[in-house]
Structures are given as structure tokens and as C-alpha cells.
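Q: Provided below for reference: sequence and predicted model.
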Amino acid sequence: MSETLKVVVDRPDATVAVLRTDGYINNTGGEEIAKEAYALLGSGVNRLLLDLERTKIVNSIGISILIEILEKLLDQGGKLAFCRLTPTIEKTFQIMGLAQYARIFPAPEPALAWLRGESE
Amino acid sequence: MSETLKVVVDRPDATVAVLRTDGYINNTGGEEIAKEAYALLGSGVNRLLLDLERTKIVNSIGISILIEILEKLLDQGGKLAFCRLTPTIEKTFQIMGLAQYARIFPAPEPALAWLRGESE
Amino acid sequence: MSSVERREVHLTIPVAPEMEIAATAQVAALGEWMEMGRDKIDEVKMAVVEACINAFEHSATPDHKVELAFRVGAEEGGRGAYLEVDVADSGHGFDPTRLKTPEIAAALRSSRKRGWGIKIIESLMDDVRIESGGRGTRIVMRKYR
Amino acid sequence: MSSVERREVHLTIPVAPEMEIAATAQVAALGEWMEMGRDKIDEVKMAVVEACINAFEHSATPDHKVELAFRVGAEEGGRGAYLEVDVADSGHGFDPTRLKTPEIAAALRSSRKRGWGIKIIESLMDDVRIESGGRGTRIVMRKYR
Ligand SMILES: Nc1ncnc2c1ncn2[C@@H]1O[C@H](COP(=O)(O)OP(=O)(O)O)[C@@H](O)[C@H]1O
Ligand SMILES: Nc1ncnc2c1ncn2[C@@H]1O[C@H](COP(=O)(O)OP(=O)(O)O)[C@@H](O)[C@H]1O
């Protein structure tokens, strides 16, 4: 139904990918994201930005799938960034400690700079 | 509570007044509008535009108060116009036949022109 | 999108000012979930508001509550997916066959400006059924997507 | 605005995918009505989602329903106006004292990534009480405006 998450993948250059989500990140939403993320990882792209501007709601099942993606990225020496989280989603990621392993940015540009190693 | 209607009165010139509503036009909301309308009527202004851009919901008790205002305006040779109604509010006014006695416009400018007698 | 999964949600609101907004919130949530268009959702909201305020104002229900059911369903091969809403009170009821059709011209000439609720409901919804008697009133209304 | 009128609304949702959105719609409607800030409303929504999906996933409730109560109230002279939500199922229950605190470092190293729901609820709400036993689970959570 209308709660189905949409994911658009954008490749600003060969090294990074942006996944823009639109909708609810629950179990099926998380799986949609994982499908795209693993396809990118399979083709050698291990620096991902999740842009959640159009996601207003997540649940912990969806987040657990994001942790799975993070684990695989870190295993392969990659990096994961998030941007444009609602205050509540950001707070939840902080509560979980996810912010220690993935970086959270207000906007896409600084997130991409960090993923490319242009900033700390 | 937050459903309380706010009304802002604007006087573009001496002959007409614009009442901009923000919120739910129910019994209390209708009474707020009536209070402002009757004050204007008392001071000789009988051409009113109700701009409902920020009203997304009305009920029939609120509308019955609008009919009361319309009656008083017509009795005194005045005119009532509405603008920026949601499709559902406009449809409801059509269903009730209110559109035969008060004119409905998409935007404030043509409504003001009609109130001033500059257009049919 | 053509198919729809069935869902049924129940809501009980108190007879208290503005609690009809709890009912409209449910219409919006289920309407969006079933991908009903924005204007149709708004029409269902308006109809549900009218049914709620009727129960608040006229039913004198002794339990001070209004019970709502929201049903997402589909008619096989028929008119397709719909949102159906029941609004029920346990008040004294009324005779819907005796309702006078309201007229704007008359309303403008008399002190009685009211009496539009049922007409609005019937105009905005696709199917409306009113069951009313000594044990209360139930209005069942349906809108197709 | 300082005062608040009391209100209580009840909602029953089926154990079915995405029906937690019916519960979040109620949080939004009552939260806005009581003039709770947008971010706090969002936090209550997230907590309610977690409590609902726990009941969906873990309770095995035989009636396939989750019952919610939403209460707007105020503590006199205390912490002021609040929104309180109960989420209850009739399932087999669990022992909340035996929950393991989830750790992100461990989650990243093991196949178990779950176990965050209750922690999220407790972090986002001001007061949380869990009553659970053989006849089901009720989680009562409160957020002050
Ligand atoms: N739930 C109800 N319980 C008892 N009487 C009702 C109920 N709903 C409607 N009625 C009766 O039907 C009449 C018409 O209702 P309606 O068309 O909504 O207009 P209004 O509410 O403005 O009178 C009411 O005046 C009332 O007598
Ligand atoms: N309503 C419930 N009924 C039965 N067990 C529950 C319920 N809610 C939570 N639990 C138990 O508590 C555990 C922890 O829940 P939670 O912190 O939400 O994480 P998760 O749902 O990811 O396991 C669940 O795995 C389950 O065993």
C-alpha cells in the first residue's frame, strides 16, 4: 500500500552512491534499501549516503536492517553516512549508538565530502 | 486548544474588508468570524471577503453561522465572497446552494473586484 | 494499484468538543494507506465530522461515547476498493424518513439555519445507510477509491 | 497555553502489516490538539510504533488485535499537561526484567541486530510502565507537553 518505501539511487561519481528514501523504513522498507545497497557493494561501491529527507518514520526492524548494511560496509572498509534525518530519527540513532559507526549530517554536501575523505 | 480559529481582518479600502481565517470553522470558529463580521457591519462595511486559505475543515454548525452573516449582509444591501476554499468546502457550499447567494472565487483579487462592483 | 488488503479499525471517542478530529485523523491515515485521493479523503472527513457532531448534539447518549469503525475493503469485480465508516451512538435515535430537505432560500429567511448534516453526508459519500431506533443510531457510509 | 482539558480515546487495530500507522495518526491528532510540539509528537509516534510492532511480532495474541488508549491529561501543579498511551495485547507476555540491554558494538558483530524497541520507547518517553503476564502485555507510556 502507500506505505511502501521508494528508493532512488544516485551516483554523483564512481566512488560514492546516494540512496534517497521516500516513505516508511520498516521491514519491507529496510529490505528495499538493503537490496540497492548490496547491489552497489557487489559492484565495488562501499561509500554510501542514505538521504532520508522524505522519510518521516522508521521502526526498529527497519533500523536493524540498516545496521546489517553498516556491518557489511565496515567489513569491506567502506563508510556509511546519513543526512536530513528528522530530529526524532536522529535522536533514535544517537540513543542506539549508531552515530558512533555511521556519521550523521544535516545536508548531503558535507556528507559526500566526508565519504570522499575530503573532510574529517 | 489548537483547533481554535484565528481571524485576521484586513481593510484594503474603506468599502470592503477581508477576513482571513486560520483553523477549524465549527461553532466557536463560526462565532469568531461572526463577531468580526458584525463589528464591520456595525461600522458600515457590508462587502466582505472570507479568505479560507488556512481553513482545511468546516462543519455544518460553522456554516450555519456563515449563513447568518450572509443573511444580515444581504438585508443591508451588502455582498459576501469566498476565496481559496478547499475543493471539499467549495463542493459543500455548492451542495447547499450557498453559491447562489455568495460568490466563490479561486483567489482574493477577482473576489475584491466583484465586491467593489468592478466585475460581474 | 488495483488490489487492496482488508483492514478494520475501531475507535471510541468521548462526547466532547472537537473530538471529531480523532475520527478525521483515522480517515486520513487509512485513506492514505489505501491510496485514496486527497480530495476524496477530505470528503470522507467532512462526512465523518457531520456524523460525529450529530451524535454529540442530538443523541443524548447515556454513555457519552461515540463508537466508530473504519473498514478498508473491496468489492470483487464491482466498484473496487472502498473506505467504509460506521458512526454509532447509544442515544434515543430519530426517524430518518421524517427529515426535511434543507433549502438555502428558506434558511436565509428564517431563524433556522441548521439541518444540513445528513444532506452533506449523503452528497459527499457514495453509499449511506442510517439505522436508528430507541437504542441508538448507526450511520454506515462508504466511499469508493 | 497552560491548561488542558482531559480527553480519552480508544483505538483497536488488527495485527496486520502497517496498522501501527492508525495509532500514530491518533498521536498526531491528539498531540496537535493539546499543542504538544512537533518533535515531541514525533517521539511519541515512534514509541507507539515500537509498542505496536512488539505486540504484532511477539505477543501471539489469540484475538489478533491490539488495544490502545490515548489520554490527554494534566498533573496539577506537577509536570503539567501530558499525552499518555496504553498499548495492550492478550498474548503470552514476557518478563521485562530479563531484557538484555542492546549494544551497538555487539549488534555489529553478531547475527542478532534486534532488541532495540523497549530501549527506544524508554528513551523517547518520560514515563514507561510495562505490565506483562500470562494474559498479555500492557505498556503505559507518558510524555509531558
Ligand atoms: N445521532 C443522532 N441521534 C439523534 N438524532 C439525530 C442524530 N443525527 C441526526 N439526528 C436528527 O436529525 C436531524 C437532522 O440532522 P442534520 O441533517 O445533521 O442537521 P442538524 O444537525 O443541523 O440538525 C437533527 O436535527 C436531529 O433531530
Ligand atoms: N507485547 C509483547 N509480547 C510478548 N513479548 C514481548 C512483547 N514486547 C516485547 N516482548 C519481548 O521483549 C523482547 C524485546 O523487545 P524489543 O526491545 O522491542 O526488541 P525486539 O522487538 O527487536 O526483539 C522481544 O524480543 C520479546 O521477546
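A: Sure, I can see it. Ligands and ions are numbered 1, 2, ... in the order given.
Q: Just name the shakiest helix or strand of chain C by mean pLDDT.
A: helix C:104-109 (a mean of 92; mean pLDDT, DSSP states H and E).
Q: show me the contacts for the most centrally placed residue in chain A.
A: For chain A, the residue nearest the mean C-alpha position is residue A:50 (2.9 Å; CA atoms, centre = their mean). Residue A:50 sits next to A:19, A:21, A:33, A:66, A:80, A:81, A:82, A:83 when contact means CB atoms under 8 Å, 6 or more residues apart in numbering or on different chains. C-beta: built from backbone N, CA, C; applies to glycine.
Q: 6 Å instead?
A: By CB atoms under 6 Å, 6 or more residues apart in numbering or on different chains, residue A:50 lies in contact with A:19, A:82.
Q: And the helices in the chain?
A: Since no chain was named, I'll use chain A. Taking DSSP state H as the criterion, chain A carries its helices at A:27-42, A:60-75, A:87-96, A:108-115.
Q: You answered for a different chain; I wanted chain C.
A: Assigned by DSSP H, chain C shows helices spanning C:20-33, C:38-58, C:104-109, C:117-124.
Q: weakest of these by average pLDDT?
A: Here the helices of chain C differ in mean pLDDT, and the lowest is helix C:104-109 at a mean of 92.
Q: close to ligand 1, is that one?
A: No. Residues of helix C:104-109 are not located near ligand 1 by CB under 6 Å from any ligand atom, the shortest gap being 10.5 Å.
Q: buried set for that helix?
A: For helix C:104-109, the neighbour count (16 or more other CB atoms under 10 Å in any protein chain shown) marks C:104, C:107, C:108 as buried.
Q: Looking at the residues you listed, which is nearest ligand 1?
A: Nearest to ligand 1, judged by CB to the nearest ligand atom, of those is residue C:107 at 10.5 Å.
Q: What about the nearest residue to the closest one once chain neighbours are set aside, how many residues nearby?
A: Of all residues not flanking residue C:107 in the chain, residue C:113 sits nearest, at 5.0 Å (CB to CB, 6 or more residues apart in numbering or on different chains). Look at residue C:113: counted by other CB atoms under 10 Å in any protein chain shown, it has 21 neighbours.
Q: who are the neighbours in contact with the residue in chain A that ligand 2 sits nearest to?
A: When you check chain A against ligand 2 by CB to the nearest ligand atom, the closest residue turns out to be residue A:60, at 5.5 Å. Contact analysis of residue A:60 by CB under 6 Å, 6+ apart lists D:50, D:116, D:117, D:120.
Q: Now tabulate the helices of chain C in TSV and tack on distance to residue D:99.
A: Compiled in TSV, the helices of chain C are given as follows (distance: least, CB to CB, whole Å):
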stretch	distance to residue D:99
helix C:20-33	30
helix C:38-58	40
helix C:104-109	62
helix C:117-124	49
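Q: The residue nearest to residue C:59 when sequence neighbours are not counted: neighbouring residues, count only.
A: With sequence-adjacent residues excluded and distances taken as CB to CB, 6+ apart, residue C:59 is closest to residue C:91, at 2.7 Å. Using other CB under 10 Å, the number of residues around residue C:91 comes to 22.
Q: nearest residue to the residue of chain A at minimum distance from chain B other than its sequence neighbours?
A: Going by CB to the nearest CB, chain B is nearest to residue A:56 of chain A, at 19.1 Å. Closest residue in space to residue A:56, ignoring its immediate chain neighbours: residue A:86 at 6.0 Å, by CB to CB, 6+ apart.
Q: can you count the residues close to that neighbour?
A: Count around residue A:86 with other CB under 10 Å applied: 18.
Q: can you check the one 10 residues further on too?
A: Neighbourhood size, residue A:96 [other CB under 10 Å]: 23.
Q: got a list of what it touches?
A: Applying CB under 6 Å, 6+ apart to residue A:96 gives the contacts D:104, D:116.
Q: so residue C:60 touches residue C:93, yeah?
A: No. Residue C:60 is beyond contact range of residue C:93, at 9.9 Å (criterion: CB atoms under 6 Å).
Q: So which of the two has more stuff around it?
A: For residue C:60 and residue C:93, the more surrounded residue by other CB under 10 Å is residue C:93, and the numbers stand at 19 against 13.
Q: need the contact list for that one.
A: By CB under 6 Å, 6+ apart, the neighbours of residue C:93 are C:132, C:133, C:134, C:136, C:137.
Q: For the residues you listed, pick the one with the most neighbours.
A: residue C:137 (24 neighbours).
Q: and that residue, what is it in contact with?
A: Taking CB under 6 Å, 6+ apart, we find residue C:137 in contact with C:89, C:93.
Q: Over to stretch A:95-106 now: how far is its first residue from its last?
A: 18 Å (CA to CA, to the nearest Å).
Q: Quick check: bridge partners of the residue in chain C positioned nearest to ligand 2?
A: Using CB to the nearest ligand atom, the single residue of chain C nearest to ligand 2 is residue C:9, 18.9 Å away. Beta-bridge pairing of residue C:9, defined through DSSP bridges, involves residue C:70.
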